[in-house]
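> Below is the structure, and that's it, no one-letter string:
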């Protein structure tokens, strides 16, 4: 779905560096999510946001920081990267305002390698 | 919170055969159950979903069934083709956390020509 884009697609960095992964959606979806995907672990939720200026921790938030100053953007920052954060990161979004669950739409992912 | 278990973790079938992937969930209040297909190096893509007020839903060769009493739901793919080869994820809503989905661990489906 072209409505959600992630950048960069690939990133190599060194331990201790700060790195920010960007996510932008054009649907005006209320909810946005960050997942990491590692072999053998499926999709694990890092952080999510129900609306601008509202964020909450997921299953694996340690070492990550998020912000949501605008509805369409949800950047994920690794303040001091570690090798264990080498992974594929997916951003997703979904509609809000419903009493039942809604489908999440995923970006193309960012493959992050930390040396 | 919600816990979703998915079986099997790998599934190999012959082209033309059917494939069934099963998931169980823990939260009886869950009301939405999507299935995603992820091809190698690509994003997860929604292929079918079902809500708790429906027992079965079909879309061409794929179908999903939901048993709320037993808290399990299944993906059925008939007449499998090599392009069905991918990793499939089930998910269920976590009603303690708005629109959050809890994903199963994934099933790698291999369709042999």
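Structure received. Everything numeric in this text was worked out from a predicted model, so none of it was measured. Numbers count the residues shown, from 1 in each chain, chains lettered A, B, ... in the order given.

> use CA for all of it now, contacts and neighbours both
Noted.

> and the helix or strand bottoming out on mean pLDDT in chain B, how far out from the chain's middle?
Within chain B, no helix or strand scores below strand B:101-103, which has a mean of 91 by mean pLDDT, DSSP states H and E. Chain-centre distance of strand B:101-103: 11 Å, with Cα atoms, centre = their mean, to the nearest Å.

> which outside residues touch that strand?
A:42-44, A:101, B:2-4, B:89-94 (Cα atoms under 8 Å, 6 or more residues apart in numbering or on different chains).

> Partner strands of that strand, with direction?
strand B:86-93 (antiparallel) (DSSP bridges).

> I would like the residues contacting the partner strand, please.
A:101, B:2, B:4, B:6, B:23, B:25, B:30-40, B:99-110.

> Taking those, please make a PyMOL selection of just the buried ones.
The PyMOL selection below is limited to those of the contacts of strand B:86-93 classed as buried (16 or more other Cα atoms under 10 Å in any protein chain shown):
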select buried, (chain A and resi 101) or (chain B and resi 2+4+6+23+25+30+31+32+33+34+35+36+37+38+39+99+100+101+102+103+104+105+106+107+108+109+110)
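
> Return the subset of the contacts of strand B:86-93 lying in strands.
B:4, B:6, B:23, B:25, B:32-38, B:101-103, B:107-110 (DSSP state E).

> For residue A:58, give me the backbone phi and psi.
phi -100, psi -150 (degrees, to the nearest 10).

> quick one, what contacts it?
A:45, A:46, A:47, A:48.

> Relative to residue A:59, how far out is the second one?
For residue A:46, the distance to residue A:59 equals 6 Å [Cα to Cα, to the nearest Å].
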